[in-house]
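**Q** Here is a sequence together with a model predicted from it:
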Amino acid sequence: MTKLKLGSIPDDKPVKVTVELPADLHRDLVAYADLLARETGQACEPAKLIAPMLSRFMATDRGFAKARKESRSASPRSAPSSGSA
């Protein structure tokens with residue numbers, strides 16, 4: 001069995017975004033959807049793969065994670081509560 005980075009795609013209410021893809025990228029997306037369907041036994045529209053692929057890409061991008069962490073640490077935090085148990 002092929003080891004793909006994506007698993008089953010959850011059914012979630014999407015936010016509509018329109019993008020144009022190069023034809024070769026679309027063909028690869030269709031091929032990926034076919035492989036995923038064979039592996040999981042669950043048919044999936046190729047367009048439904050874009051969000052989880054982007055999510056996976058951002059989750060594994062070390063530069064993005066570092067920049068995001070630095071951005072969060074630079075923002076002011078609220079003071080911790082003084083209640084103790």
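**A** Looks like it came in fine. Because the structure is predicted, anything quoted here is derived from the model rather than measured.
**Q** all helices of this protein, in order?
**A** Assigned by DSSP state H, the helices in the chain fall at 23-40, 50-59, 62-74.
**Q** List the buried residues of the first one.
**A** The neighbour-count check on helix 23-40 (16 or more other C-beta atoms under 10 Å) flags 29, 32-33, 36 as buried. All C-beta atoms are positioned from the backbone trio N, CA, C, and that covers glycine.
**Q** give me the low-pLDDT residue ranges for the chain?
**A** Filtered on pLDDT under 70, the chain yields the residue ranges 1, 76-85.
**Q** at 80 instead, please
**A** Flagging of the chain using pLDDT under 80 yields the residue ranges 1-15, 75-85.
**Q** For the spatially closest residue to residue 26 that is not a sequence neighbour, which residues are in contact?
**A** Of all residues not flanking residue 26 in the chain, residue 46 sits nearest, at 7.3 Å (C-beta to C-beta, 6 or more residues apart in numbering). By C-beta atoms under 8 Å, 6 or more residues apart in numbering, the contact list for residue 46 reads 26, 29-30, 32-33.
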